[in-house]
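Colleague: Next one to model:
(2 chains)
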Amino acid sequence: MNGIRVLIVDDSSVMRKIVERALRQAGLELTHVFEASSGVEGLELLRAERVDLIVSDINMPNMDGLTFLKQLRTEDLAAEVPVVMITTESSEDHVREALASGAQGYIRKPFTADQVKERVLPLVEAAV
Amino acid sequence: MATMTRQLIEDSPHAVHLDEAVDEVFRLMMGVQCIPGELKPPSDTEMLTAVIGLAGAISGACLLSLGRKSALRIAEFLTGVQTAEMDTTVKDAVGEVCNMIAGAWKGKYAPLSSGCMLSIPAIVTGSNYQLHMQSPEFSIERCYQFEDQIIDFKVICESIQ
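Modeller: As a prediction, the model looks like this:
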């Protein structure tokens, strides 16, 4: 898939790089990779930039991923953009809450590039 | 409920769960085998320890300790970039690995999966420190080896709710 603009929200710069690499390995040709280290930064970016995909961690300081997701929907930002949550938490509750709050998919850490491809590619293909 | 949680946790094979969690993180995220070993990481002035707090159904901490070479190698595996400096990226990488192991470990216990939260990782540099907990319910400490590197992972459970 060509020309994808992605926003990756994670407090870990290493994890942001891992996610970017996994998305490229999944076959997405990323033309713009926007990075945010918190939900607050992510919202600021989305007020200024258009993206085709949002990948966000859940457990972050200075606005966690679930709050970011809810705020995104409240402000009607990126309403048509697929959001995929990444979490270390193995909790079904978190996954349910994320999906109920408007996430289209989730990935549990640790993950493989194949898992990212399976979870993300169909969402992007359907949205773009 | 609390009694049932305690029983389930007490009856669980802690070391087996931890070995599986470490294996998953290293194999899936770094493509390298990491197996239990006998040796402890060599004492190193540039020792790093990542600390993740546990709160909820159990409270306590998970600690990943390793020397400079191991930390640099982990950062290289995760980022794909070789580095010689113990910079913020290396510390971030070690914190992430600790976070993923802690998450994978607690996911092996049904009551902890949704009932125990993880904190953001904190990084301690150096080896001259003591961690004080009043009277832990249990603790697990295991050493692991990947390539020729040795790491140490510890779970300290201070209380079960």
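Colleague: Now do the helices in chain A.
Modeller: Taking DSSP state H, the helices of chain A run over residues A:13-25, A:39-48, A:65-74, A:92-100, A:113-127.
Colleague: mean confidence score for the longest one?
Modeller: This means helix A:113-127. Mean per-residue pLDDT for helix A:113-127: 91.
Colleague: what helices or strands is it leaning on?
Modeller: Helix A:113-127 sits against helix A:13-25, strand A:53-57, strand A:83-87, strand A:105-108, with contacts defined as 3 or more Cβ pairs under 8 Å, 6 or more residues apart in numbering or on different chains; DSSP states H and E. C-betas here are computed from N, CA, C, even on glycine.
Colleague: what residues does chain B put near chain A?
Modeller: By Cβ under 8 Å from any Cβ of the partner chain, the residues of chain B that approach chain A are B:24-25, B:28-29, B:75, B:78-80, B:88-89, B:92-93, B:95-96, B:99-100, B:102-104, B:106-107, B:113-114, B:117-118, B:120.
Colleague: again, only this time at 7 Å
Modeller: Proximity of chain B to chain A (Cβ under 7 Å from any Cβ of the partner chain) is limited to residues B:24-25, B:28-29, B:78-80, B:89, B:92-93, B:96, B:99-100, B:103-104, B:106-107, B:113-114, B:118, B:120.
Colleague: for the chain, which spans come out with low pLDDT?
Modeller: Since you didn't name a chain, this refers to chain A. By pLDDT under 70, the low-scoring segments of chain A are A:1, A:89-91.
Colleague: Wait, chain B was what I had in mind.
Modeller: Using pLDDT under 70, chain B drops low at B:1-2.
Colleague: Please, where are all the strands along it?
Modeller: B:35-37, B:48-56, B:58-66, B:116-118, B:122-125, B:138-146, B:149-160 (DSSP state E).
Colleague: picking that back up, just send the helices of chain A back as a markdown table, with mean neighbour count too.
Modeller: Putting those into a markdown table (neighbours: other Cβ atoms under 10 Å in any protein chain shown) gives the following:
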| stretch | mean neighbour count |
| --- | --- |
| helix A:13-25 | 20 |
| helix A:39-48 | 18 |
| helix A:65-74 | 20 |
| helix A:92-100 | 15 |
| helix A:113-127 | 16 |
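Colleague: of those helices, which approaches A:D57 most closely?
Modeller: The closest of the helices of chain A to A:D57 is helix A:65-74. By Cβ to Cβ, the value is 5.3 Å.
Colleague: Is chain B within reach of the closest one?
Modeller: No. With Cβ under 7 Å from any Cβ as the criterion, chain B is not reached by helix A:65-74; the gap is at least 12.5 Å.
Colleague: Lovely, talk soon.
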